[in-house]
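*Asks:* below: sequence and its predicted model.
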Amino acid sequence: MNHSIVRNFLRGVYPLWVTVLFGWFLVPVLAEAVLLPVLQLDSVATLLSSQPAIHLCYLGLCLGYVAFVFTAVWRSSNAPSVLAIWRWVARISSILILCFFSFYVYYMLPYILYGSCYFQAYHGLLPTRATACNIEHLVKPTPESPWLGFWRTDCANDFGLAIVRAQDNHYASVFCGPGSCGELSPEHGNDVFGQDDSYPSSDTDSFFRFETDGTKKRYLRCKKFGE
């Protein structure tokens, strides 16, 4: 793009309607229309959700662009030929866009910098179902539910089961690996430890589980995964 065009745009040389149309609408739409096919993505969110570093750069780029267009619109609205009503409509709209995007950056920074679990806890969004984010809070054993915890056939493994509380004195098991666990709603559990022949045990620090292939494996109580 010609540098003089960008410079004149920022100085507010062009008519207000041109600045608003290109700055707030045409350029963002065209940028996304070109970006997605090049990256072979369904949406920008697909890229951002999997690449926090790219997400951070994307937010910085967008925030800079919003500030750039905001300045251009403000200066362009100073032209004597612009009616007062359009001057303030353009300015107020630009202020709202800037505030909205600034809030979005503030809202998303915990996720980008610290990950989805911190983001959910920071904004009070931790789910009631068993996920990698709240699994540690659901597996603390109690006298009433002694089987809660992390279990592995060998505590040296980095994968195994997390046992969470379910309804009606039942338990639910969810598979966990390094840094993440599957999602299983506790109300779907149907295991009754100590009362179910599928889980014979003589203590609460180990149990035997019959796998789908008929083999019997011994599980041991271990520390959380990743330790």
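*Replies:* Noted; the coordinates are in hand. This one's a predicted model, so the numbers in the text were calculated from it and none came from an experiment.

*Asks:* where does pLDDT dip in this structure?
*Replies:* 1-2, 36-52, 110-137, 167-169, 179-180, 183-203, 224-227 (pLDDT under 70).

*Asks:* which residues of it fall in strands?
*Replies:* For the chain, the strands defined by DSSP state E cover 149-152, 160-165, 171-177, 180-181, 206-210, 216-222.

*Asks:* dump those strands into CSV; add distance to His55 as well.
*Replies:* (Each C-beta comes from the backbone N, C-alpha and C, glycine too.) Conversion of those to CSV gives the following (distance: least, C-beta to C-beta, whole Å):
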stretch, distance to His55
strand 149-152, 31
strand 160-165, 29
strand 171-177, 24
strand 180-181, 19
strand 206-210, 40
strand 216-222, 34
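
*Asks:* for the ones you listed, state which one has the densest average packing.
*Replies:* Mean neighbour count (mean count of other C-beta atoms under 10 Å) peaks for strand 160-165 among the strands of the chain, with a mean of 22.

*Asks:* for Ile5, give its distance to Phe150.
*Replies:* Plainly put, Ile5 is 60 Å away from Phe150 if you go by C-beta to C-beta, to the nearest Å.

*Asks:* what's the closest of the strands of the chain to Gly12?
*Replies:* The closest of the strands of the chain to Gly12 is strand 180-181. By C-beta to C-beta, the value is 50.2 Å.

*Asks:* partner residues bridging the residue lying closest to Tyr219 once chain neighbours are set aside?
*Replies:* In this structure, Tyr219 finds its nearest non-sequential neighbour in Trp151, 4.2 Å apart by C-beta to C-beta, 6 or more residues apart in numbering. With DSSP bridges applied, Trp151 shows beta-bridge pairing to Leu161, Arg221.

*Asks:* pretty sure Trp151 is touching Lys217, no?
*Replies:* No. Using C-beta atoms under 8 Å, Trp151 is not in contact with Lys217; the gap is 10.2 Å.

*Asks:* let me see the ranges of the helices in the protein.
*Replies:* Counting by DSSP state H, one finds helices in the chain at the ranges 3-11, 16-20, 27-39, 44-50, 52-76, 84-114, 116-122, 135-138.

*Asks:* quick one, which of these is packed in tightest?
*Replies:* Scoring the helices of the chain by mean neighbour count under mean count of other C-beta under 10 Å gives helix 16-20 as the most buried, with a mean of 19.

*Asks:* residues in contact with that one: which ones?
*Replies:* Contacts with helix 16-20, where a contact means C-beta atoms under 8 Å, 6 or more residues apart in numbering, come from 9, 12, 69, 72-73, 76-77, 79, 82, 86-87, 90, 93.

*Asks:* distance to Leu61 added to these, as JSON lines?
*Replies:* Shown next, in JSON lines, are those (distance: C-beta to C-beta, whole Å):
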{"residue": "Phe9", "distance to Leu61": "17"}
{"residue": "Gly12", "distance to Leu61": "22"}
{"residue": "Val69", "distance to Leu61": "13"}
{"residue": "Ala72", "distance to Leu61": "16"}
{"residue": "Val73", "distance to Leu61": "19"}
{"residue": "Ser76", "distance to Leu61": "22"}
{"residue": "Ser77", "distance to Leu61": "25"}
{"residue": "Ala79", "distance to Leu61": "28"}
{"residue": "Val82", "distance to Leu61": "29"}
{"residue": "Trp86", "distance to Leu61": "29"}
{"residue": "Arg87", "distance to Leu61": "28"}
{"residue": "Ala90", "distance to Leu61": "23"}
{"residue": "Ser93", "distance to Leu61": "21"}
